[in-house]
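1. Return a 3D structure for these sequence lines:
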Amino acid sequence: MSDAVFTEKIILENLLYNYDFSKKVIPFLKKEYFHSKIDKIIFDEISQFYQKYTSSPSKDAILIQMNKRKDLNETEYKECIRYIELFKQNEEQNIQWVVDESEKFCKDKAIYNAIMESIQIIDGKSNDKTEGSIPSILSDALSVCFDTHIGHDYMEDSDDRYEFYHRVEKKIAFDLSFMNEVTRGGTPAKTLNVVMAGTGVGKSMFLCHHAANCLAQNLNVLYITCEMAEERIAERIDANLLDIKMEDLKLLTKETYDSKIENLRKTVMGKLIIKEYPTATANANHFRALLEELKLKKRFTPDIIFVDYLNICASSRLKQGNVGSYFYVKAIAEELRGLAVENNIPLFTATQTNRTGFSNSDVSLEDTSESFGLPQTADFMFALISTEELEDLKQILVKQLKNRYNDAAVNKKFILNLDRSKMKFSDSETKHQNIVDSGQRDFDHGSKIVQSLTEEWVF
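-> Got it, this is the predicted structure:
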């Protein structure tokens, strides 16, 4: 008997006689992993019984079910009965060893099946898949593993919990003091972070600024744009990192530009990939496929993703027009957050204010464009607010709208400096904060113009 056949027999035996084993591995086993038709039939019966009754069937129960099947000929029926009769309980078997061997069996079978399916696709024998789907098929097979964790035991796992309390969480920091303060040091992995602003206020500018900041931290950055061309995004990041006004970039000679990029290359170890998709056509599945392609072709795995911007993405689950904007935009937000969780990274995106919010100098969650389902899904959401007075001062107001990292009532509003010519945000001096609210220090108000703004924004 070969090792594979021996393993299959051990798996089927333990599915019958060992409930602890069954509940750990049945969610990960598939009928196509088994070699012979007989093994597949027996597993199918055990699996159906378990799904229905949440327990392992007895040998007699399986024999009765076999007798009811209409898809077996006489020879196959007798072979199934003979094989089941050979099963016996082995109480001396190490359960963890069986689980480990079963996981190895599933991994090997998944890879083998993926290779065979890929060959079928290459030979043109697949009716519904193209060669472009091969990387995803192989990736799924390579990622097969047993997740045997079944939850946190409050009493038994107190040591783990204490360690968690004192563990330093990995975060990606901003280069803006107040942003770090309100997020307790930056954004953690598996989160959806949303910038909200009116048209032309600075949504994409903030995303480009933070992407440049992350690149300067030697992080790998993926910037997905559904609005502007790839070159336009790169131009904004050039202005930010090279500290050159947008209009002056075109005046640089090729030698000067190359020299500046070369100097940047010496200090920046991370990579920035900018990918453009047509408006309202790309969804989380397209982004997922892009991540796989970048991993295979460029060996590039991002530390953070920017999607510019959420409302002009598509949903992978819902079709626009069949549902209202609330459900559609909420679905996109959930899918993007799911992408962040899958890849264990933070994801930044943006949304527009509605018509009311566009002319409002004190934006709130109710001003979110199209769907209130977006702020329900986001982990961190803040608004960028601009007025003529702030424009004159080259400043912009930031207002926290939702914050799962910290108390949103503390430093709810604050000022940042904004140099639009260089696509760059920077800290405003304390004396220029000019905002007083229930959670912020009482700053020196400064000029009469700023004093009037303070009175307008106080709440």
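
2. Now do residue 67, the pLDDT please.
-> Listed pLDDT for residue 67 reads 83.

3. typo on my end, residue 216
-> 94.

4. Isn't it up against residue 241?
-> Yes. Contact status for residue 216 versus residue 241: in contact at 6.8 Å, counting by Cβ atoms under 8 Å. Glycine gets a C-beta too; all of them are placed from N, C-alpha and C.

5. Overlap of the contact sets of those two?
-> Residues touching both residue 216 and residue 241 by Cβ atoms under 8 Å, 6 or more residues apart in numbering: residue 268.

6. With neighbour numbers in mind, choose between the two.
-> The neighbour count for residue 216 versus residue 241, taken as other Cβ atoms under 10 Å, is higher for residue 241 (23 against 16).

7. Confirm that that one sits in a helix.
-> Yes. Assigned with DSSP: H, G, I helix; E, B strand; the rest coil, residue 241 falls within a helix.

8. how much space between the nearest residue to it once chain neighbours are set aside and residue 418?
-> In space, and not counting its chain neighbours, residue 241 is closest to residue 212: 5.1 Å by Cβ to Cβ, 6 or more residues apart in numbering. Distance from residue 212 to residue 418, counting by Cβ to Cβ, to the nearest Å: 14 Å.

9. From the structure, what's the count of residues near the spatially closest residue to residue 276 that is not a sequence neighbour?
-> Of all residues not flanking residue 276 in the chain, residue 230 sits nearest, at 4.5 Å (Cβ to Cβ, 6+ apart). Residue 230 has 14 neighbours, counted by other Cβ under 10 Å.

10. quick one: residue 230 and residue 277 touch, right?
-> No. The criterion here is Cβ under 8 Å, and residue 230 misses it with residue 277 at 10.1 Å.

11. Tell me how far stretch 52-66 lies from the chain's centre.
-> In terms of Cα atoms, centre = their mean, to the nearest Å, the centre of stretch 52-66 is found 40 Å from the chain centre.

12. Now do the strands for this protein: every range, in order, please.
-> All strands of the chain, identified by DSSP state E, fall at 171-172, 187-188, 191-197, 221-225, 272-276, 304-308, 346-352, 380-385, 395-403, 413-419, 424-427.

13. Put together JSON lines for the ones you listed, with mean neighbour count, mean pLDDT and distance to residue 116 on each row.
-> Formatted as JSON lines, these follow (neighbours: other Cβ atoms under 10 Å; pLDDT from 0 to 100; distance: least, Cβ to Cβ, whole Å):
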{"stretch": "strand 171-172", "mean neighbour count": "20", "mean pLDDT": "94", "distance to residue 116": "41"}
{"stretch": "strand 187-188", "mean neighbour count": "23", "mean pLDDT": "94", "distance to residue 116": "40"}
{"stretch": "strand 191-197", "mean neighbour count": "26", "mean pLDDT": "94", "distance to residue 116": "38"}
{"stretch": "strand 221-225", "mean neighbour count": "25", "mean pLDDT": "96", "distance to residue 116": "32"}
{"stretch": "strand 272-276", "mean neighbour count": "18", "mean pLDDT": "95", "distance to residue 116": "32"}
{"stretch": "strand 304-308", "mean neighbour count": "25", "mean pLDDT": "95", "distance to residue 116": "33"}
{"stretch": "strand 346-352", "mean neighbour count": "25", "mean pLDDT": "94", "distance to residue 116": "35"}
{"stretch": "strand 380-385", "mean neighbour count": "24", "mean pLDDT": "93", "distance to residue 116": "45"}
{"stretch": "strand 395-403", "mean neighbour count": "21", "mean pLDDT": "92", "distance to residue 116": "48"}
{"stretch": "strand 413-419", "mean neighbour count": "21", "mean pLDDT": "92", "distance to residue 116": "56"}
{"stretch": "strand 424-427", "mean neighbour count": "19", "mean pLDDT": "92", "distance to residue 116": "53"}
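
14. Make a markdown table from these and add distance to residue 52 to it.
-> Formatted as a markdown table, the strands of the chain follow (distance: least, Cβ to Cβ, whole Å):
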| stretch | distance to residue 52 |
| --- | --- |
| strand 171-172 | 45 |
| strand 187-188 | 41 |
| strand 191-197 | 37 |
| strand 221-225 | 44 |
| strand 272-276 | 46 |
| strand 304-308 | 41 |
| strand 346-352 | 39 |
| strand 380-385 | 43 |
| strand 395-403 | 43 |
| strand 413-419 | 57 |
| strand 424-427 | 58 |
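
15. Of the ones you listed, which is nearest residue 261?
-> strand 272-276 (12.1 Å; Cβ to Cβ).

16. Go ahead and produce PDB holding the CA coordinates of that closest one.
-> C-alpha atoms of strand 272-276 as PDB (Å, rounded to 0.1, in the frame of the first residue of the first chain):
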ATOM      1  CA  LEU A 272       6.200  52.400  -5.200                       C
ATOM      2  CA  ILE A 273       4.000  50.800  -7.900                       C
ATOM      3  CA  ILE A 274       1.200  52.900  -9.400                       C
ATOM      4  CA  LYS A 275      -1.600  51.100 -11.300                       C
ATOM      5  CA  GLU A 276      -4.400  52.700 -13.200                       C
END
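
17. and that strand with strand 304-308, angle?
-> Interaxial angle, strand 272-276 versus strand 304-308 (axes from the mean of the first three to the mean of the last three Cα atoms, to 10 degrees): 30 degrees.

18. Give me the helices and strands touching strand 272-276, please.
-> Applying 3 or more Cβ pairs under 8 Å, 6 or more residues apart in numbering; DSSP states H and E, one finds that strand 272-276 contacts strand 221-225, helix 230-242.
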